[in-house]
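# using only what follows, build the 3D model:
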Amino acid sequence: MKKFLSLVLALVMTMSLVTVSAGAKDFTDDSEITYKEAVDVISALGVVDGYSDGDFRPDDVLTRGAAAKIICNLILGPTTASALSAGTAPFKDVPVTNTFAGYITYCSQQGIISGYADGTFRPTGTLSGNAFMKMLLGALGYDSSIEGYTGPNWTVSVIKQAVGIGLDDGNDEFVGSKAVTRQEAALYAFNMLQATMVEYDQQNTIVVGDITINTTSSRKDVVNNDKNESISEDNKMQFAERYFDDLKLSDGDDAFGRPSNVWTLKSDEIGTYAKDADATYTTKVEVGDIYKDLGLGSKIEKKDVKVYVDGVADASQAPVAITKGDDTNKYGANGVLTEVFYDDDADTVTITEVNTYVGTIAKTVKATDKKDAYVVVTPEQPISGKAPISSNEEFETDDKFEDDAYVLYTFSKDAKEIKSVEAAKEVTGTVTRAENDKENTADSKALTIDGTRYKDSKY
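Presented below is the predicted three-dimensional model:
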């Protein structure tokens, strides 16, 4: 007789697992933000802020007027930019009383933006990715007329340059003709902070009879003579090094041991954000495959390999040399987020494993004047191994959960706290096959439900 079961499946958590300090702003819709690092840094600087209700609204479309404000906040700083005003209407549809009149006037005077042929600016209109990139390039010092950012094919020149210096980094689905969202604008502005500024030598105009000849030397990077290399130690002037010298980027590790960017503003830490892994797995992986996937040409010695499980060194997953064809040593397991980071300068490898655990929501507590909203997680003990927490633990979040709902959580043994919580996926159907062989490991257990085979995760 067939039995119908409702099963909660512990699937690997693919969320960003960002470790964020108290310096970062907490938006009520944080869970909807894809580019968390960019939004945190840009909002900490006051370049792009949230709304009075606490939302950031990451997917709202950016208007042309708001884009002008962002550029002014970047170049002048939010305080100075807020004092901008327009003595006369910069465009016929932008009266001096318009909220963005001062910003639009400044950007127009600096040659960063331009209006339409009919004399309008259309401040409430949407802005394409191409147009916003052009504005950012202008703020970095690129000259529109010299670089070919005008005329019928201006978008080709703009995107070639913008992509070349990494202004679109982090958005693999960038389409220049599409309207920019608020979080995309934050991402591109964030990348601009780390981009190198440029300048041109003196431009000369020579008139010979009826012929005018404009001569311009080649563009060059701005040298950082101030030696305030707070973003990159390359003797060049990154945008943030000139305009936000209190902002600093340094290397560090997050709560799971992953190589990370650490952003600080003055003495306050904005947050710690894991760098992109060079290889990612959610099932058991052989060392030989890691070697191949990293594209290594020689062995990485054992002494140059670090392994962390839930943020700490674990004897069960000891470092081994990363060698070609090694099919004996393995890392990770089904349902474990295993990330590999290769430092080609130091020729070292860091391997981190983040386990997913199952729990239930004991209660949800709303925010008060003294404490942010949080949920209380009750651990479910796995069949093999054990949960990292033995009793109820709190986790700060504005996400809504039903009481007694099953959730998946990660836990940092280094920080000794839950780092992420998300709702478990529930599958209901007919179980036609159950596998549980004598190995009694997660990889040997599975259920087939309505024709789909689900393997157990490690915990």
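
# what about the helix or strand K248 falls within, average pLDDT?
In the assignment (DSSP states H and E), K248 maps to strand 247-253. Averaging pLDDT along strand 247-253 yields 96.

# now the element after it, going C-ward?
Counting by DSSP H and E, what follows strand 247-253 is strand 259-265.

# so which bits of the helix or strand following that following strand are buried?
Under the assignment DSSP H and E, the closest C-terminal helix or strand after strand 259-265 is strand 268-274. Residues 269-274 are the ones in strand 268-274 that count as buried (16 or more other C-beta atoms under 10 Å). Backbone N, C-alpha and C define where each C-beta goes, glycine included.

# could you check the angle strand 247-253 makes with strand 268-274?
Interaxial angle of strand 268-274 relative to strand 247-253 (axes from the mean of the first three to the mean of the last three C-alpha atoms, to 10 degrees): 40 degrees.

# got the CA positions of strand 268-274 in CSV?
C-alpha atoms of strand 268-274 as CSV (Å, rounded to 0.1, in the frame of the first residue of the first chain):
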residue,chain,number,x,y,z
ASP,A,268,33.4,51.9,12.1
GLU,A,269,33.3,48.6,10.3
ILE,A,270,30.6,48.5,7.5
GLY,A,271,30.9,44.8,7.1
THR,A,272,32.8,41.7,6.0
TYR,A,273,31.9,40.1,2.7
ALA,A,274,33.2,36.8,1.3
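
# residue contacts, K275?
258-261, 341 (C-beta atoms under 8 Å, 6 or more residues apart in numbering).

# try it again at 7 Å.
Taking C-beta atoms under 7 Å, 6 or more residues apart in numbering, we find K275 in contact with 259-261, 341.

# over to V309?
Listed by C-beta under 7 Å, 6+ apart, the contact partners of V309 are 317, 353.

# phi, psi for the residue lying closest to M192 once chain neighbours are set aside please.
Spatial nearest neighbour of M192, chain neighbours left out: L136 (4.8 Å); criterion: C-beta to C-beta, 6 or more residues apart in numbering. The phi and psi values for L136, taken as degrees, to the nearest 10, are phi -70, psi -40.

# how much space between L136 and I70?
Using C-beta to C-beta, to the nearest Å, L136 is found at 9 Å from I70.

# so what sits against both of these two?
A189.

# follow-up on the earlier one: just checking, what packs against the strand holding K248?
Here strand 247-253 touches strand 259-265, going by 3 or more C-beta pairs under 7 Å, 6 or more residues apart in numbering; DSSP states H and E.

# switch to 10 Å and redo it
Counting by 3 or more C-beta pairs under 10 Å, 6 or more residues apart in numbering; DSSP states H and E, the packing neighbours recorded for strand 247-253 are helix 36-44, helix 239-243, strand 259-265, strand 268-274.

# partners of that strand, with directions?
If you go by DSSP bridges, strand 247-253 pairs up with strand 259-265 (antiparallel).

# can you pull the poorly scored residue ranges out of the protein?
1-25, 202-205, 212-217, 437-443 (pLDDT under 70).

# ok, the residue nearest to R242 when sequence neighbours are not counted - contacts?
In space, and not counting its chain neighbours, R242 is closest to M197: 6.4 Å by C-beta to C-beta, 6+ apart. Under the criterion of C-beta atoms under 10 Å, 6 or more residues apart in numbering, the contact list for M197 reads 139-142, 221-224, 236-239, 241-243.

# buried ones among the residues you listed?
Of the contacts of M197, these count as buried by 16+ other C-beta under 10 Å: 139-142, 222, 224, 236-239, 241, 243.

# closest to D278 out of the residues you listed?
Q238 (24.2 Å; C-beta to C-beta).

# just give the closest residue to that closest one, not the sequence neighbours.
Nearest residue to Q238, sequence neighbours excluded (C-beta to C-beta, 6+ apart): I231, at 4.2 Å.

# residues contacting that neighbour?
Counting by C-beta under 10 Å, 6+ apart, I231 makes contact with 193-196, 224, 237-241, 244-245, 247-250.

# before we move on, what about V39?
By C-beta under 10 Å, 6+ apart, the neighbours of V39 are 24-25, 27, 30, 33, 48, 50, 56, 58, 182-183, 185-187, 190.

# same thing with P58?
Going by C-beta under 10 Å, 6+ apart, P58 touches 27, 29-30, 32-36, 39, 50, 181-187.

# what about it, helix or strand, and which?
For P58, there is no enclosing helix or strand under DSSP H and E.

# on that earlier part again, let's have the buried residues of strand 268-274 in a markdown table, adding distance to P78.
Output for the buried residues of strand 268-274, formatted as a markdown table (distance: C-beta to C-beta, whole Å):
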| residue | distance to P78 |
| --- | --- |
| E269 | 20 |
| I270 | 16 |
| G271 | 19 |
| T272 | 24 |
| Y273 | 23 |
| A274 | 28 |
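
# list just the nearest of the residues you listed to S108.
I270 (32.1 Å).

# residues near the residue nearest to Y273 when sequence neighbours are not counted, how many?
Setting aside the residues directly before and after it, Y273 is nearest to E37 in space (C-beta to C-beta, 6+ apart), at 4.1 Å. Neighbour count of E37, defined by other C-beta atoms under 10 Å: 25.

# before we move on, back to that, can you turn the buried part of the contacts of P58 into a ChimeraX selection?
Restricted to buried positions by 16+ other C-beta under 10 Å, the ChimeraX selection for the contacts of P58 reads:
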select :27,29,30,33,35,36,39,50,181,182,183,184,185,186,187
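
# which of the contacts of P58 fall in helices?
Residues of the contacts of P58 located in helices (DSSP state H): 36, 39, 182-187.

# how long is stretch 137-147 end to end?
When the termini of stretch 137-147 are compared using C-alpha to C-alpha, to the nearest Å, they are 10 Å apart.

# picking that back up, any idea how far the strand holding K248 is from the chain center?
Strand 247-253 has its C-alpha centroid displaced from the chain centroid by 15 Å (C-alpha atoms, centre = their mean, to the nearest Å).

# do stretch 353-360 as well
On C-alpha atoms, centre = their mean, the centre of stretch 353-360 falls 23 Å from that of its chain.

# with only the CA atoms kept, save that stretch in PDB.
Extracted C-alpha coordinates of stretch 353-360, given in PDB (Å, rounded to 0.1, in the frame of the first residue of the first chain):
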ATOM      1  CA  GLU A 353      32.700  23.900   4.100                       C
ATOM      2  CA  VAL A 354      29.400  25.300   5.300                       C
ATOM      3  CA  ASN A 355      26.900  22.800   6.600                       C
ATOM      4  CA  THR A 356      23.100  23.200   6.500                       C
ATOM      5  CA  TYR A 357      21.100  22.200   9.500                       C
ATOM      6  CA  VAL A 358      17.400  21.700  10.100                       C
ATOM      7  CA  GLY A 359      15.400  23.500  12.900                       C
ATOM      8  CA  THR A 360      12.000  24.800  13.700                       C
END
